[in-house]
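Trainee: I'd like to go over a predicted model; first the sequence, then the structure.
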Amino acid sequence: MSKTLIEWAQGTDAGPPIVATAAWKGGDGKSTMARELAYLLGAVVVDFDWDAGGSSRSMGYRHEHFVRAPIRDAFVKGRTPTPISGRRKADLIPSYPDLVSEQPPRDEVTDHLERWARELGRPLVVDTHPGGGELTYGAINAARTVVVPSVMVKESLNALEGMVDELTDYPLLVTPNKVDSPPAWARRRLSEIVRRHEIPMGPLVHDEPWIRKRTINIAISSEPVAKRAMRFVASMDKLAEAVRDYE
Ligand SMILES: Nc1ncnc2c1ncn2[C@@H]1O[C@H](COP(=O)(O)OP(=O)(O)O)[C@@H](O)[C@H]1O
Ligand SMILES: [Mg+2]
């Protein structure tokens with residue numbers, strides 16, 4: 001039977017669960033899935049992507065309007081950041097551009113995240129920058145589940161293969177995204193990659209061209225769900241369930 005949200009959110013003695021989204025390639029859906037998952041799981045989005053294309057800006061946060069950077073303060077002073085409350089979207093611990101050069105070593109990043117989850121008493125969904133830097137390794141080391149979106153095209157599958165070959169002992173959940181009648185060779189390649197390391201797969205997420213044109217920053221999964229969004233939201237519900245039930 002599927003774990004309830006409350007059971008899952010309680011976490012373990014180590015604290016509430018931490019989820020990360022990661023991929024060795026950009027543009028495959030990390031930030032989109034992080035925002036929707038956090039909303040559906042009642043978790044806080046921690047944005048570890050310093051680029052303007054990350055979650056903070058898409059959630060309506062503009063760092064240039066703020067003097068302080070909560071993640072910098074948290075890393076430097078050991079202070080747990082206060083999330084910005086979202087209405088019809090997840091709460092957010094936002095990123096800032098200098099984060100790229102201010103990354104603590106991965107072990108410290110892991111310690112910080114675990115402390116934030118414990119002190120906030122909330123699950124976290126950490127959205128990462130493409131590829132593996134200290135922040136990303138710190139996040140995936142803290143994570144109980146690492147959601148790995150992959151598009152079924154050659155470049156993404158190459159990146160996925162490199163990533164899973166490197167991270168064989170991590171709790172990965174490979175989730176095909178932007179799926180639109182993929183050719184047989186791509187389906188074969190994906191199943192070979194996941195089968196080789198016995199990696200569980202999340203639901204198939206269809207290509208939804210309207211997502212790219214969205215300008216509002218509320219969660220796609222927030223009620224009332226638009227009719228055209230129902231198929232996508234159903235796949236995000238399944239993804240959230242796969243994250244809750246991940247062993
Ligand atoms: N299922 C989908 N269908 C269509 N477009 C998508 C889908 N998922 C993500 N996108 C779009 O793809 C682009 C990259 O997604 P994003 O989540 O920012 O990727 P990443 O964080 O991995 O770089 C964005 O324009 C996003 O709106
Ligand atoms: Mg992103």
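Mentor: Everything's here; your move. Ligands and ions are numbered 1, 2, ... in the order given.
Trainee: next SSE downstream of the helix or strand of the chain with the lowest mean pLDDT?
Mentor: Using mean pLDDT, DSSP states H and E, helix 55-58 stands out as the lowest-scoring helix or strand of the chain, at a mean of 91. For helix 55-58, the succeeding helix or strand toward the C-terminus, using DSSP states H and E, is helix 70-77.
Trainee: which helices and strands does that following helix pack with?
Mentor: strand 91-93, helix 106-120 (3 or more CB pairs under 8 Å, 6 or more residues apart in numbering; DSSP states H and E). The C-beta positions use only the backbone N, C-alpha and C, and glycine is treated the same way.
Trainee: out of the ones you listed, nearest to ligand 1?
Mentor: Evaluated over the helices and strands packed on helix 70-77, closeness to ligand 1 peaks at strand 91-93, with 14.7 Å, by CB to the nearest ligand atom.
Trainee: report all helices and strands that that closest one contacts.
Mentor: Packing partners of strand 91-93 (3+ CB pairs under 8 Å, 6+ apart): strand 44-48, helix 70-77.
Trainee: hmm, who's touching it?
Mentor: Strand 91-93 is contacted by residues 38, 44-47, 55-56, 59, 61, 70-71, 74, 81, 83-86, 116, 122 when judged by CB atoms under 8 Å, 6 or more residues apart in numbering.
Trainee: with adjacent residues omitted, what lies nearest to P104?
Mentor: Computed as CB to CB, 6 or more residues apart in numbering, the closest residue to P104 that is not its neighbour in sequence is F75, at 5.4 Å.
Trainee: helix/strand/coil for the closest residue to ligand 2 within the chain?
Mentor: Taking CB to the ion, ligand 2 has its nearest neighbour within the chain at S31, 3.3 Å off. Of the three states, S31 takes helix under DSSP: H, G, I helix; E, B strand; the rest coil.
Trainee: and for it, the neighbour number?
Mentor: As a burial measure, S31 scores 25 neighbours (other CB atoms under 10 Å).
Trainee: kindly report the same for the one 3 residues further on.
Mentor: Using other CB under 10 Å as the criterion, A34 is surrounded by 29 other residues.
Trainee: quick one on the thing from earlier: quick check: closest non-adjacent residue to the residue of the chain closest to ligand 2.
Mentor: Nearest to S31 is S55, by CB to CB, 6+ apart, at 4.7 Å.
Trainee: quick check: the one you found touching G29?
Mentor: No. Applying CB atoms under 8 Å as the test, S55 and G29 come out as separate, 11.9 Å apart.
Trainee: tell me which element the closest residue to F48 other than its chain neighbours falls in.
Mentor: Distances taken as CB to CB, 6+ apart put L135 closest to F48, at 4.4 Å, once the chain neighbours are dropped. Taking DSSP H and E as the definition, L135 sits inside helix 134-142.
Trainee: ranking the helices and strands packed on helix 70-77 by burial, who's on top?
Mentor: Highest mean neighbour count among the helices and strands packed on helix 70-77 (mean count of other CB atoms under 10 Å): strand 91-93, with a mean of 22.
Trainee: so how far is it from its chain's centroid?
Mentor: The chain centroid and the centroid of strand 91-93 are separated by 13 Å under CA atoms, centre = their mean, to the nearest Å.
Trainee: same thing with stretch 218-232?
Mentor: Relative to its chain's centre, stretch 218-232 lies at 19 Å (CA atoms, centre = their mean).
Trainee: likewise for stretch 146-153?
Mentor: For stretch 146-153, the distance to the chain centre is 11 Å (CA atoms, centre = their mean).
Trainee: hmm, who's touching it?
Mentor: Applying CB under 8 Å, 6+ apart, the external contacts of stretch 146-153 come out as 19-23, 25, 27-30, 32-34, 37, 140, 156-157, 159-160, 163-164, 167, 170-179, 182, 186-187, 190, 202, 205, 239, 243.
Trainee: swap in 7 Å and give it another go.
Mentor: For stretch 146-153, the surrounding residues in contact (CB atoms under 7 Å, 6 or more residues apart in numbering) are 19-23, 28-30, 33, 37, 140, 156-157, 160, 163, 170-179, 182, 186, 190, 202, 243.
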